[in-house]
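Trainee: Fold the following for me, if possible:
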Amino acid sequence: MIGKVIISPHGWEGPTHLVNVIGKLFGVTILGEDGNFYSVTTEEAIGCNQNGQIVCFEVDYQNSNETTNIAYRVRLADKYDLKKSFINENKKTHNSYECIDIDGNGYKTVKIGNQIWMAENLKVTRYQNGESIQNSFNCDEWEKADKSAYSIYNNDTSNTGVYGHLYNWYAVSDKRDICPKGFHIPTDEQWMELESFIGMSLSKLHQTGPRGNYQGSRLAGNEDLWFTGILQDEPEFGTSGFIAIPGGYRNSNGTYNNQGFDCYFWSSSEHSSRNAWGRRLSFDDSAIYRESETYDKRIGFSVRCIAD
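Mentor: As a prediction, this is how the structure comes out:
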């Protein structure tokens, strides 16, 4: 397929001729006539009057050795309506999904696409079998850890209620499981499914470093916790209901960094014997960072679990 448009053809219902070439759309989320949201990346959009409310566009699909030109018709909502509709569709807690960890902590959840995510950072201190996760306070102990461990930012317990705990990757990958029952650590691929649903193009998903335009802003939330910057200035800020917050991280040498500026999340996907895949949002960028080579397994990141 050339580009990415996930829209079922509605048949050609537009006017008999096309006018006003609008240009190419890059990473735009549109509201289809069926009421669903779809992502458009590099396709040509051609206006069909109606005061800009109706847009007809043609997409080249390549199936096997055959290229077919298919026409679609969608309603292009203005930015306010789009944001409002996105919030109404996705920013919902799903109480039918019980999300309570072994310590009795309850977590809000949010449905984004076909996935159910925790909408709060994990703060559990025990595995599902009741055994304790090592809590490493001093830097030397943390730096030498080659097994499961967690910590609290600056060893200040007041951070737990807001930001949750920071876990190294050994805790994330431990078979005793740190997620609540019915949930698990997301894989790198499950992160990409989330990113695709909120508008990231296929061509960007597997790249490393900053990817997308506004998708990071959509994942973020609780603007009072973020240092002022591009992330929260984006109108799409907070529209997914994921509510990523800037919990910072604990470096492999045991130092704490970037609370209020950045958030970091682990995936369960290993990159090498020393590194694993993760995600980062930054106050000064509206993109989502996908990294592995700089993410040492000894680093402490926030954790979000996803429903089985």
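Trainee: Could you pull out the helices in the stretch 201-308 of the chain for me?
Mentor: 202-205, 215-219, 230-233 (DSSP state H, counting those that start in this stretch).
Trainee: looking at those, which is buried most?
Mentor: With neighbours defined as mean count of other CB atoms under 10 Å, the helices of the stretch 201-308 of the chain peak in mean count at helix 215-219, which reaches a mean of 29. Quick note: C-beta positions are derived from backbone N, CA and C, even for glycine.
Trainee: which ones are touching Pro210?
Mentor: Residues near Pro210 by CB atoms under 8 Å, 6 or more residues apart in numbering: 285, 287-289.
Trainee: Closest one to Ile133 out of those, please.
Mentor: Checking the contacts of Pro210 against Ile133 by CB to CB gives Tyr289 as the nearest, at 26.4 Å.
Trainee: Ile299 versus the nearest residue to that closest one once chain neighbours are set aside, what's the distance?
Mentor: Leaving aside its chain neighbours, Tyr289 sits nearest to Arg280 (4.0 Å; criterion: CB to CB, 6 or more residues apart in numbering). Counting by CB to CB, to the nearest Å, the gap from Arg280 to Ile299 is 11 Å.
Trainee: shared neighbours, these two?
Mentor: Tyr264.
Trainee: coming back round to it: of all pairs in the contacts of Pro210, which one is the farthest apart?
Mentor: Asp285 and Ile288 (9.0 Å).
Trainee: coming back round to it: run a quick neighbour tally on the residue nearest to Tyr289.
Mentor: A count of nearby residues for Arg280, using other CB atoms under 10 Å, gives 23.
Trainee: if I pick it, what's in contact with it?
Mentor: Applying CB under 8 Å, 6+ apart, the residues near Arg280 are 262-265, 288-289, 291.
Trainee: make it 6 Å
Mentor: For Arg280, the contact set (CB atoms under 6 Å, 6 or more residues apart in numbering) comprises 262, 264, 289.
Trainee: Is the last one bridged to anything, and to what?
Mentor: What that stands for is Tyr289. Beta-bridge partners recorded for Tyr289 (DSSP bridges): Pro210, Arg280.
Trainee: Distance check, it against Leu194.
Mentor: Counting by CB to CB, the gap from Tyr289 to Leu194 is 14 Å.
Trainee: Comparing the two, which residue is more hemmed in?
Mentor: Leu194 (23 against 19).
Trainee: State the helix or strand in which that one lies.
Mentor: Per DSSP states H and E, Leu194 falls inside helix 188-197.
Trainee: Of the contacts of Arg280, which is the nearest to Lys144?
Mentor: Using CB to CB, those come closest to Lys144 at Tyr264, 21.2 Å.
Trainee: number of nearby residues for the closest one?
Mentor: Neighbours around Tyr264, by other CB under 10 Å: 26.
Trainee: what does the one 10 residues further on give?
Mentor: The local packing of Arg274 (other CB under 10 Å) involves 14 other residues.
Trainee: So, low pLDDT: which residues of the stretch 1-150 of the chain?
Mentor: When residues are selected by pLDDT under 70, those of the stretch 1-150 of the chain lie in 1-97.
Trainee: Apply 50 and report the result again.
Mentor: Judged by pLDDT under 50, the stretch 1-150 of the chain has its weakly predicted residues at 1-96.
Trainee: got CSV for the contacts of Arg280, with pLDDT and distance to Asn154 too?
Mentor: Below are those laid out as CSV (pLDDT from 0 to 100; distance: CB to CB, whole Å):
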residue, pLDDT, distance to Asn154
Asp262, 98, 15
Tyr264, 98, 16
Tyr289, 98, 23
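Trainee: Let me know the closest of these to Gln207.
Mentor: Tyr289 (10.2 Å).
Trainee: and stretch 252-266, which residues are buried?
Mentor: 252, 254, 256, 258-259, 261-266 (16 or more other CB atoms under 10 Å).
Trainee: again with stretch 291-308
Mentor: Quick answer for stretch 291-308 (16+ other CB under 10 Å): 291-292, 295, 297-307.
Trainee: mean confidence score for it?
Mentor: The average pLDDT within stretch 291-308 is 96.
Trainee: what's near enough to touch Pro246?
Mentor: 225-226, 260-263.
Trainee: what does Pro180 give?
Mentor: If you count contacts by CB under 6 Å, 6+ apart, then Pro180 has 99-101 around it.
Trainee: Give me the average confidence score over stretch 176-190.
Mentor: Stretch 176-190 comes out at a mean pLDDT of 97.
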